[in-house]
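Asker: Predicted model follows, preceded by the sequence.
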Amino acid sequence: MKQTWHMSIPALAVALALGGCASAVKKPQAPTAAAQPAATQPAQSTVAAVQAPVEQDLGPAPNVPRSVFFAFDKYNVQDKYRPVVEANAQYLSAHPNAHTQVQGNTDARGSREYNLALGQRRANAVVKAMELLGAKPAQMEAISFGKEKPKAMGTTAADYAENRRADIVYMK
């Protein structure tokens, strides 16, 4: 009998714990037709508003660019973007807990598969450049959006150039 009594204690504890999880939220009562005519009363939403979290300004100062642009069908980081790469690498070196996602992008021309691969090569090139300048590989992640996340929606040469980029996005 003693053994059975000990076996029922965990079952009782689970039942009490599950019973204690029930919330005291009341479901809205449907109004009766006599109390609230449908034509004169507007419908009320029972969905609570959700407050979006406040975004923190992560990363270097707001005036430090966070995009590296590329020539058509290329993934080498041009010398004119070295200051962008250096500033972000210095920030990562000085802040060992910081983490960034380097997001490779392409213009709309080409197949989805080709552009995903090209975007990945662009992101990898920026990550490698920042690593050579002192950022730790564990702080960086290279991903590709290919042509799925354009900045410019048009089809002009300027629009295409705006979309051929790798964005350095600081994560929480």
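Answerer: Received, thanks.
Asker: tally of neighbours for the closest residue to residue 171 other than its chain neighbours?
Answerer: Once flanking residues are discounted, residue 171 sits nearest to residue 99: 4.8 Å by C-beta to C-beta, 6 or more residues apart in numbering. C-beta: built from backbone N, CA, C; applies to glycine. The number of residues packed around residue 99, counting by other C-beta atoms under 10 Å, is 17.
Asker: List the contacts of residue 99.
Answerer: Neighbouring residues of residue 99 by C-beta atoms under 8 Å, 6 or more residues apart in numbering: 139, 140, 141, 170, 171, 172.
Asker: Could you double-check that the third one sits in contact with residue 103?
Answerer: No - using C-beta atoms under 8 Å, residue 141 is not in contact with residue 103, being 9.3 Å away.
Asker: For these two, work out which one has more neighbours and name it.
Answerer: residue 103 (21 against 15).
Asker: show me the contacts for residue 102.
Answerer: By C-beta under 8 Å, 6+ apart, the contact list for residue 102 reads 123, 126, 127, 130, 140, 141, 142, 143, 166, 167, 168, 169.
Asker: The second one against residue 168, yeah?
Answerer: Yes - the pair residue 126 and residue 168 qualifies as a contact (C-beta under 8 Å) at a distance of 6.9 Å.
Asker: who touches both of these two?
Answerer: The contact lists of residue 126 and residue 168 share 68, 102, where a contact means C-beta under 8 Å, 6+ apart.
Asker: going on from the helix or strand of the chain with the lowest mean pLDDT, what's the next piece of helix or strand?
Answerer: Using mean pLDDT, DSSP states H and E, the weakest-scoring helix or strand in the chain turns out to be helix 2-20, at a mean of 45. Heading C-terminal from helix 2-20, the first helix or strand you meet, by DSSP states H and E, is strand 67-69.
Asker: residues of the helix or strand just after that following strand that come out buried?
Answerer: Downstream of strand 67-69, the first helix or strand assigned by DSSP H and E is helix 82-94. Under the neighbour-count criterion of 16 or more other C-beta atoms under 10 Å, helix 82-94 has 84, 85, 87, 88, 89, 90, 91, 92 buried.
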